[in-house]
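[1] Take this sequence and fold it.
(chains A and B)
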Amino acid sequence: MARITAGVTTSHVPAIGAAIDHGKSAEPYWAPVFAGYDYSKKWIAEQKPDVIFLAYNDHATAFSLDIVPTFAIGCADEFQPADEGWGPRPVPVVKGHPALASHIAQSVIQDDFDLTIVHRMDVDHGLTVPLSLLFGQPEAWPCRVIPFAVNVILYPPPSGRRCFELGKALRRAVESFDEDLNVQVWGTGGMSHQLQGPRAGLINREFDTAFLDRIVNDPEGLSRVPHIDYVRLAGSEGIELVMWLIMRGALNEDVVQKHRFYHVPASNTALGHLVLENK
Amino acid sequence: MTLEKPYRDIPGTTVFDADLARMGYHLNQFCMSLMKPQNRERFKADPRGYLDEWPMSEEQKQAVLDRDYNRMIANGGNIYFLAKIFSTDGLSFRYAAATMTGMSQEDYAQMMISGGRLPESQGDGEGN
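    Numbering: from 1, shown residues only, chains lettered A, B, ... in the order given. Okay, the predicted model is just below:
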């Protein structure tokens, strides 16, 4: 049987990808950011997941304003790194797991979550920066990845509650797949940041610290935080944090926190990172 | 019945909603076109001519030509779409964000290194 063993959360700041791709990760500005992932790189080399279910948001890359799916699951064999306006990142093609992805789609839809099925989709920094942070710069990514795109750009995004419950449905889906697979669930984006308007640059350390505490110890309560609180307190782009609740819903009630990292700034953003294992 | 908008009182912040998405449809789709290198070259070679191929309002076009991101947002642009413009210009998110705050690049960069804009500071251009 497939099983979910661990969850990872991380911000997916595009400038981090640029720093890696341009060999700047040892520079004084960036070195403390990457040091926060030293543990995680060793950890994942030992964990050797077969598949990562990676919740992220598409940043006006695969989805224009023509079609805006709330939840979209990538069921293709592979996904190309996108050209976001400066050429594609020099990272490996992302190999999917169509059989598991299609199984998850069927199970989760029949569990009342209406996913959009995607058979062709380029993936942007939201998906590839987390992979780079955990795996570095390999010739090929060492595992399969199921991209799961969440709309957090066009109001209204799904609620934290909806994301948390979706995580639970995801777990039921994975555990009913009969191949023996080690599956991790990643929730990416956040933490507090605002990229637009006169309030750009907003960082809320207090909000972020409480979020990091509660997603480990009180995810149920955290999932009830309304959209408006994220925008008001964590910035217009801080709403990405609801995607972390998909990860958390897919894990056990009790988890072991293996690693926690918080750093300001990464470009305009407060960077947060957690490694959680099921107890 | 009009759409409920509980987010309108947040200072210095625009929430990209259905009304803005309709207003900004062509502006945002123009931005998406810059994901192709040949379109970036055409836009850089003749910005006005390239923009005139899109059914955008004159104010939207002028805001793009002026790289006035606040005005683009007020006219329906969303920052992740608009990112294709400053990426085409070879500029970073941090650079573009700073231009929206009324702060100098140096002051904005320093504010971020010092921990960012405090939540109590509501975007009056004064940073911390």
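[2] Please report phi then psi for the spatially most central residue of chain B.
    The geometric centre of chain B, computed from its C-alpha atoms, lies nearest to B:Tyr69 (CA atoms, centre = their mean), at 3.5 Å. Recorded main-chain torsions at B:Tyr69 are phi -70, psi -30, according to degrees, to the nearest 10.
[3] Which of the helices or strands spans A:Leu134?
    Under the criterion of DSSP states H and E, A:Leu134 resides in helix A:125-135.
[4] pretty sure A:Asn240 belongs to a helix, no?
    Not quite, residue A:240 is Glu, not Asn. Yes: when the secondary structure is assigned by DSSP: H, G, I helix; E, B strand; the rest coil, A:Glu240 falls within a helix.
[5] Pull the number of nearby residues for it.
    28 (other CB atoms under 10 Å in any protein chain shown). Every C-beta, even on glycine, is put in place using the N, C-alpha and C of the backbone.
[6] Does it touch A:Asn151 like I think?
    No: A:Glu240 lies out of contact with A:Asn151 (CB atoms under 8 Å); the separation is 10.9 Å.
[7] Tell me which stretches of chain B form helices.
    Using DSSP state H, the helices found in chain B span residues B:18-23, B:25-33, B:37-45, B:47-51, B:58-65, B:69-74, B:79-88, B:93-101, B:105-113.
[8] Mean pLDDT and distance to chain A for those helices - can I get that in JSON lines?
    JSON lines is the format used below for those (pLDDT from 0 to 100; distance: least, CB to the nearest CB, whole Å):
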{"stretch": "helix B:18-23", "mean pLDDT": "97", "distance to chain A": "6"}
{"stretch": "helix B:25-33", "mean pLDDT": "98", "distance to chain A": "5"}
{"stretch": "helix B:37-45", "mean pLDDT": "98", "distance to chain A": "7"}
{"stretch": "helix B:47-51", "mean pLDDT": "98", "distance to chain A": "14"}
{"stretch": "helix B:58-65", "mean pLDDT": "98", "distance to chain A": "14"}
{"stretch": "helix B:69-74", "mean pLDDT": "98", "distance to chain A": "6"}
{"stretch": "helix B:79-88", "mean pLDDT": "97", "distance to chain A": "3"}
{"stretch": "helix B:93-101", "mean pLDDT": "96", "distance to chain A": "4"}
{"stretch": "helix B:105-113", "mean pLDDT": "97", "distance to chain A": "4"}
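[9] wait, which of the ones you listed is closest to A:Ala270?
    When the helices of chain B are ranked by proximity to A:Ala270, the top entry is helix B:105-113, at 9.9 Å, counting by CB to CB.
[10] Packing partners of that closest one?
    In terms of contacts (3 or more CB pairs under 8 Å, 6 or more residues apart in numbering or on different chains; DSSP states H and E), helix B:105-113 is packed against strand A:255-266, helix B:93-101.
[11] the inter-axis angle of it versus strand A:255-266?
    When axes from the mean of the first three to the mean of the last three CA atoms, to 10 degrees is applied, the directions of helix B:105-113 and strand A:255-266 differ by 160 degrees.
[12] Could the C-alpha coordinates of helix B:105-113 be exported in PDB?
    C-alpha atoms of helix B:105-113 as PDB (Å, rounded to 0.1, in the frame of the first residue of the first chain):
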ATOM      1  CA  GLN B 105      15.400  51.300  -4.100                       C
ATOM      2  CA  GLU B 106      18.100  51.600  -1.400                       C
ATOM      3  CA  ASP B 107      15.500  52.500   1.300                       C
ATOM      4  CA  TYR B 108      13.300  49.600   0.300                       C
ATOM      5  CA  ALA B 109      16.100  47.100   0.200                       C
ATOM      6  CA  GLN B 110      17.300  48.300   3.600                       C
ATOM      7  CA  MET B 111      13.700  48.000   5.100                       C
ATOM      8  CA  MET B 112      13.500  44.400   4.000                       C
ATOM      9  CA  ILE B 113      17.000  43.600   5.400                       C
END
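[13] Return the distance of stretch A:95-114 from the chain's centre.
    Taking CA atoms, centre = their mean, to the nearest Å, one finds the center of stretch A:95-114 at 17 Å from the center of the full chain.
[14] Dump it to PDB, keeping only the CA atoms.
    Taking Å, rounded to 0.1, in the frame of the first residue of the first chain, the C-alpha atoms of stretch A:95-114 are listed here in PDB:
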ATOM      1  CA  LYS A  95       8.500  13.500 -14.000                       C
ATOM      2  CA  GLY A  96       4.900  12.800 -12.800                       C
ATOM      3  CA  HIS A  97       3.200   9.700 -11.500                       C
ATOM      4  CA  PRO A  98       0.100   9.500 -13.800                       C
ATOM      5  CA  ALA A  99      -1.200   6.300 -12.200                       C
ATOM      6  CA  LEU A 100      -1.200   7.600  -8.600                       C
ATOM      7  CA  ALA A 101      -2.300  11.100  -9.700                       C
ATOM      8  CA  SER A 102      -5.300   9.700 -11.600                       C
ATOM      9  CA  HIS A 103      -6.200   7.500  -8.700                       C
ATOM     10  CA  ILE A 104      -6.000  10.500  -6.300                       C
ATOM     11  CA  ALA A 105      -8.200  12.500  -8.700                       C
ATOM     12  CA  GLN A 106     -10.900   9.800  -8.800                       C
ATOM     13  CA  SER A 107     -10.800   9.200  -5.100                       C
ATOM     14  CA  VAL A 108     -10.800  12.800  -4.100                       C
ATOM     15  CA  ILE A 109     -13.600  13.800  -6.600                       C
ATOM     16  CA  GLN A 110     -15.700  11.000  -5.300                       C
ATOM     17  CA  ASP A 111     -15.000  12.300  -1.900                       C
ATOM     18  CA  ASP A 112     -16.700  15.600  -2.900                       C
ATOM     19  CA  PHE A 113     -13.700  17.700  -3.900                       C
ATOM     20  CA  ASP A 114     -14.000  18.800  -7.500                       C
END
